[in-house]
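Engineer: My questions are about this predicted structure, shown below with the sequence.
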Amino acid sequence: MTTQLYSHEIHLQHITPPGHPERVDRLIAVAEALSAPEFDDLERKPSVRVDEKLLELVHPPEFINKIRSSMPSEGYVQFAPDTHISAKSWESVLFGVGAGLAAVDAVFGSQADNAFVAIRPPGHHAEIDTAMGFCLVNNIAIAARYAQEKHGIERVAIVDWDVHHGNGTQAIFYNNPDIMFASTHQMPLYPGSGYENETGVGNIHNVPLREDDDGLVFRDAFNSRILPAINDFSPELILVSAGFDAHYRDPLGGLQLVADDFDWATGKLMDMAARFCNNRLVSLLEGGYDLRGLGESTAAHVNRLMRG
Ligand SMILES: [Zn+2]
């Protein structure tokens, strides 16, 4: 497999208040984990600044303008509950979205089989015109719409294994039969959505897990629900909202996954990508707030992407 890694130092300049879990150190931990010799063959690519117009694939211009114009000249301000912005946050957003789109271009241009996009802020809680839960714009939703518009495909499957439900992604595509959204997440937990009876137009597949559920329950959710749904949908691209806060060490979640569970799930999604998508799979970092858990889990995920 040819695997690309996208990141950029601008993501270290999106500053949140002291003690905030979504912090600069997260990406440093990811970079350190991916600097081990086993990742020598990873193709490292700089993120690309996105043309702001492309954000309108998902978000209205008024919302985009509001975020951009709210950036402070120094320090940080609260833009939405739990969601802070600093002077360089808008640049970090634009490079983060751009990284996802560059990765999509790479898998459609056959420069890569798959890619991991290490960015912040995360995106899966951002709704069409609402920033929340550390997320400003919805990186993965924009990537999905871009793949349709730029590469002429119809069906995109988004799989979200972050411990929190990807309410934003679900809301954006709730009535869109061409985008499938499948999620495992802890319930009850922030943001409160993600019940099994939230099914959209048959394109939404929520598999809520309970506090203390472990890898066996997680794997069963994939085997019994997520993977059959992907199989029925036959996507042309698989996108992953790769949050690693379902790791047992994570302070924000109560699930008990270990790095090997992310390795396993990655392999299963790669099997689907091989069957339907000519291997095309792009994974975007979402949550993950214990630095050791995040590093170990990212390493397991990316190692699997490279190894096939
Ligand atoms: Zn999360």
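Structural biologist: Sure, I can see it.

Engineer: Going by C-alpha atoms from here, please, whenever you check contacts or count neighbours.
Structural biologist: OK.

Engineer: which stretches of the stretch 151-300 of the chain form helices?
Structural biologist: 167-172, 215-221, 227-233, 259-276, 291-307 (DSSP state H, counting those that start in this stretch).

Engineer: now the last one against helix 259-276, angle please.
Structural biologist: Angle, helix 291-307 to helix 259-276, by axes from the mean of the first three to the mean of the last three CA atoms, to 10 degrees: 30 degrees.

Engineer: Determine if any part of helix 291-307 is in contact with the ion.
Structural biologist: No. Judged by CA under 5 Å from the ion, helix 291-307 makes no contact with the ion; its nearest approach is 11.6 Å.

Engineer: in that helix, what counts as buried?
Structural biologist: 291-306 (16 or more other CA atoms under 10 Å).

Engineer: picking up where we left off before, take the helices of the stretch 151-300 of the chain and lay them out in a markdown table including distance to Ala87 and mean pLDDT.
Structural biologist: As requested, the helices of the stretch 151-300 of the chain are arranged in a markdown table below (distance: least, CA to CA, whole Å; pLDDT from 0 to 100):
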| stretch | distance to Ala87 | mean pLDDT |
| --- | --- | --- |
| helix 167-172 | 24 | 99 |
| helix 215-221 | 39 | 98 |
| helix 227-233 | 40 | 98 |
| helix 259-276 | 34 | 98 |
| helix 291-307 | 25 | 98 |
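
Engineer: nearest to His14, of those helices?
Structural biologist: Closest approach to His14 among the helices of the stretch 151-300 of the chain is made by helix 291-307 (17.3 Å; CA to CA).

Engineer: The closest one packs against which elements?
Structural biologist: helix 24-33, strand 114-117, helix 259-276 (3 or more CA pairs under 8 Å, 6 or more residues apart in numbering; DSSP states H and E).

Engineer: neighbours of the residue nearest to Ala300 when sequence neighbours are not counted, just the number please.
Structural biologist: Distances taken as CA to CA, 6 or more residues apart in numbering put Asp263 closest to Ala300, at 5.2 Å, once the chain neighbours are dropped. By the criterion of other CA atoms under 10 Å, Asp263 has 19 neighbours.
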